[in-house]
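K.L.:
sequence and predicted structure are below.
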Amino acid sequence: MPTPPTFDIQRIIDNASLSSLQRKAIASVMAVSFFDGFDALIMAITAPAIAEEWGTTTASLTPAIVASLLGMIVGAVILAPRADRYGRRPVLIAGVVIFGSMTLCVVASQDIGQIIPLRFLAGIGLGAVIPNSYAYGAEFAPKRIRATVVTIVGASSAAGGFLGGLLASAIMPTLGWRSVFVVGGLFPLLLVPALVRWLPETVQFLTIKGRHDEARSILRAVNAQAVAPSGVPLTVQNDRGGNKPSIKLLFARRHAPVTLVLCVVFFSAVLLILFLMSWIPSVLTDAGFSTQQAVLASAICNLGAMIGGVAIGTRVDRSANPYRLLSAAFLVAALATVVTAVSLGSLAVLSISLFVVGACAIGTQMSVNAVATDVYPSWLRATGLGFLSGVGRVGSVVGPTIGGALLAAHVPAKTIFLLAVIPATVAAVGMIVVGVLVANRGQDRAMEEPDLADAHDGSRR
């Protein structure tokens with residue numbers, strides 16, 4: 001009996017040129033990522049100014065930074081995976097509303113105790129947005145440029161941190177630190193109506209949910225000549241029917257080794273990034289630099305992330321072994337961190353080394369996200385990235401906490417930077433191991449069926 005015809009939507013996306021709809025969708029999620037990046041670093045940017053106004057130390061603001069990071073863990077692990085059940089679009093928009101409104105509320109704060117719960121709630125929104133931005137970009141991008149698109153989305157987040165740092169250094173001396181929170185909260189909220197109107201749901205999600213008419217409408221905008229007749233069912237590669245996405249499936253037999261090692265990589269990489277980024281302004285201020293110089297140095301690090309992320313992502317798309325490439329980049333980040341530690345007497349050398357740290361630490365982590373989007377099938381992608389992001393955010397809590405403790409103990413800035421070499425090295429080794437595991441597992445997704453049988457918990461629609 002002949003097999004009924006089906007129509008693979010992923011092939012349409014992979015084989016078509018980048019359409020106007022795809023460009024608008026990717027641009028929309030880049031805008032979300034931009035404000036996400038600004039908001040994620042807003043406490044680090046404003047901490048020296050807040051401490052000066054309230055007559056306290058920057059180390060005393062550690063609870064507010066940690067509260068935001070704890071919120072990101074909650075958002076990444078609990079809210080972000082909802083996108084695999086309810087859609088990328090509603091979760092992204094909800095996340096923007098949450099972090100924008102809570103950031104704006106900080107303007108009325110009069111002490112650190114009032115800031116802490118607001119930053120926790122803002123962190124929940126950020127935690128929902130970050131992994132879904134990567135998943136969304138991956139699903140609208142053809143495979144041949146997927147890593148590039150995902151890292152461009154990540155670079156948009158770095159751009160938010162970079163331009164936010166420049167803006168803060170320009171407006172804080174005259175308008176005060178509260179003006180930075182006005183910008184960080186108001187502009188994302190102004191973006192929401194545009195997202196409601198122009199941010200489409202991904203075709204993969206619509207197809208899995210059986211919303212084929214909506215999926216066909218989007219596919220026609222991608223490539224009208226390749227859309228199947230209405231009587232031919234649309235399919236998604238690796239669609240597993242009624243299996244509900246769950247974290248348990250990430251630890252199915254074939255997924256488990258890669259998931260575990262990626263957890264180590266995400267934890268180490270994000271620990272490194274947040275250890276540095278949360279405290280660069282404060283560490284450099286304590287080392288004798290002015291507040292403006294310290295904030296500018298933080299912005300330069302984000303500039304490196306913007307440029308480095310896109311450059312590394314482009315290389316990943318062309319590389320036969322992206323895991324080895326990413327491992328080497330983490331090692332360069334470790335070396336640049338050492339140079340930063342020994343160049344605290346020269347702003348010029350320090351700026352160059354921090355640019356390289358941003359490019360090869362933050363930029364490489366963006367590309368790790370791009371690689372991770374290919375590890376899991378589309379119907380499990382937001383769950384996988386959300387969980388990994390949550391694990392990474394544990395590192396982001398540990399990093400600033402360690403940094404705050406070191407600052408409070410008056411540990412020299414040189415020593416603080418040298419300690420950052422450890423997580424960079426661990427991440428480099430982890431990427432080599434991931435490459436070996438993926439090579440052994442093979443790239444044929446059809447072989448993953450036994451995994452789902454092992455992990456299946458009877459939860460079928």
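P.N.:
On my side now, so go ahead.
K.L.:
list the residues that contact residue 294.
P.N.:
By Cβ atoms under 8 Å, 6 or more residues apart in numbering, the residues touching residue 294 are 48, 280-285. Where you see a C-beta, it was placed from the backbone N, CA and C, and this is true even at glycine.
K.L.:
find the nearest non-adjacent residue to the spatially most central residue of the chain, please.
P.N.:
Nearest to the mean C-alpha position of the chain, counting by Cα atoms, centre = their mean, stands residue 130 at 4.3 Å. The shortest distance from residue 130 to any non-neighbouring residue, by Cβ to Cβ, 6 or more residues apart in numbering, is to residue 389 (5.7 Å).
K.L.:
what pLDDT does the one you found get?
P.N.:
Looking at residue 389, its pLDDT reads 86.
K.L.:
wait, it touches residue 129, no?
P.N.:
No: Residue 389 is beyond contact range of residue 129, at 10.0 Å (criterion: Cβ atoms under 8 Å).
K.L.:
tell me which of those two has more neighbours.
P.N.:
More crowded of residue 389 and residue 129, by other Cβ atoms under 10 Å: residue 129, with 33 against 28.
K.L.:
now for the protein, the helix or strand with the poorest mean pLDDT.
P.N.:
Across the helices and strands of the chain, mean confidence by mean pLDDT, DSSP states H and E is lowest for helix 449-455: a mean of 43.
K.L.:
any buried residues in the helix or strand hosting residue 304, and which?
P.N.:
Residue 304 is part of helix 291-318 when elements are defined by DSSP states H and E. For helix 291-318, a neighbour-count test (16 or more other Cβ atoms under 10 Å) marks 291-317 as buried.
K.L.:
packing partners of whichever helix or strand residue 182 is part of?
P.N.:
In the assignment (DSSP H and E), residue 182 maps to helix 178-198. With contacts taken as 3 or more Cβ pairs under 8 Å, 6 or more residues apart in numbering; DSSP states H and E, helix 178-198 sits against helix 20-40, helix 42-54, helix 88-105, helix 146-175.
K.L.:
give me the distance from the helix or strand where residue 132 lies to the chain's centre.
P.N.:
Taking DSSP H and E as the criterion, residue 132 maps to helix 112-140. How far helix 112-140 lies from its chain's middle: 9 Å, per Cα atoms, centre = their mean, to the nearest Å.
K.L.:
how big is the angle separating the helix holding residue 182 from helix 88-105?
P.N.:
Going by axes from the mean of the first three to the mean of the last three Cα atoms, to 10 degrees, helix 178-198 is angled at 160 degrees with respect to helix 88-105.
K.L.:
how about the contacts made by the closest residue to residue 363 other than its chain neighbours?
P.N.:
Closest residue to residue 363 apart from its sequence neighbours, by Cβ to Cβ, 6+ apart: residue 308 at 3.0 Å. Residue 308 is in contact with 329, 356, 358-360, 362-364, counting by Cβ under 8 Å, 6+ apart.
K.L.:
can you check residue 42 too?
P.N.:
Applying Cβ under 8 Å, 6+ apart, we find residue 42 in contact with 103, 164, 180-181, 184.
K.L.:
now distance to residue 91 too, for the residues you listed, in a markdown table please.
P.N.:
Conversion of the contacts of residue 42 to a markdown table gives the following (distance: Cβ to Cβ, whole Å):
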| residue | distance to residue 91 |
| --- | --- |
| 103 | 18 |
| 164 | 24 |
| 180 | 27 |
| 181 | 24 |
| 184 | 21 |
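K.L.:
which one of those has the most neighbours?
P.N.:
Neighbour count (other Cβ under 10 Å) singles out residue 103 as the most crowded of those, with 31 neighbours.
K.L.:
how about that residue: what's its closest non-neighbour residue?
P.N.:
Spatially, and ignoring its direct neighbours in sequence, residue 103 is nearest to residue 185 (3.6 Å; Cβ to Cβ, 6+ apart).
K.L.:
okay, now the one you found: neighbour count?
P.N.:
For residue 185, the neighbour count with other Cβ under 10 Å is 24.
K.L.:
surely it and residue 104 touch.
P.N.:
Yes: counting by Cβ under 8 Å, residue 185 touches residue 104, with 2.8 Å between them.
K.L.:
who touches both of these two?
P.N.:
Common neighbours of residue 185 and residue 104 (Cβ under 8 Å, 6+ apart) do not exist.
K.L.:
check what pLDDT the nearest residue to residue 43 once chain neighbours are set aside gets.
P.N.:
Leaving aside its sequence neighbours, residue 43 sits nearest to residue 65 (Cβ to Cβ, 6+ apart; 4.8 Å). Per-residue confidence at residue 65 stands at 82 (pLDDT).
K.L.:
where does residue 65 sit, in terms of helix or strand?
P.N.:
helix 62-74.
K.L.:
packing partners for that helix?
P.N.:
Helices and strands touching helix 62-74, as assessed by 3+ Cβ pairs under 8 Å, 6+ apart, comprise helix 42-54, helix 112-140, helix 378-408.
K.L.:
pick out the shakiest of those, pLDDT-wise.
P.N.:
Ranked on mean pLDDT, the bottom entry among the helices and strands packed on helix 62-74 is helix 378-408, at a mean of 79.
K.L.:
report the angle between that helix and helix 42-54.
P.N.:
With the same axes, to 10 degrees defining the directions, helix 378-408 sits at 30 degrees from helix 42-54.
K.L.:
buried set for helix 378-408?
P.N.:
Buried-residue list, helix 378-408, by 16+ other Cβ under 10 Å: 378-404, 406-407.
K.L.:
skip ahead from it and say which helix or strand is next.
P.N.:
Immediately after helix 378-408, counting by DSSP H and E, sits helix 413-419.
K.L.:
let me see the mean pLDDT of that following helix.
P.N.:
On average, the pLDDT along helix 413-419 is 77.
K.L.:
other residues contacting the next helix or strand after that helix?
P.N.:
Counting by DSSP H and E, the next helix or strand C-terminal to helix 413-419 is helix 421-441. By Cβ under 8 Å, 6+ apart, the residues outside helix 421-441 that reach it are 254, 257-258, 261-262, 264-265, 268-269, 271-272, 275, 321-324, 326-328, 330-331, 333-334, 337-338, 361, 364, 368, 371, 375, 395, 399, 447.
K.L.:
and those residues, which are buried?
P.N.:
Those of the contacts of helix 421-441 that meet the buried threshold are 254, 257-258, 261-262, 264-265, 268-269, 271-272, 275, 322-323, 326-327, 330-331, 333-334, 337-338, 361, 364, 368, 371, 375, 395, 399, by 16+ other Cβ under 10 Å.
K.L.:
can you flag which of those residues belong to helices?
P.N.:
Counting by DSSP state H, the part of the buried ones among the contacts of helix 421-441 found in helices is 257-258, 261-262, 264-265, 268-269, 271-272, 275, 322-323, 326-327, 330-331, 333-334, 337-338, 364, 368, 371, 375, 395, 399.
K.L.:
rewinding a little: let's see if you can find the most crowded of the contacts of residue 308.
P.N.:
Ranked by neighbour count (other Cβ under 10 Å), those have residue 364 at the top, with 33 neighbours.
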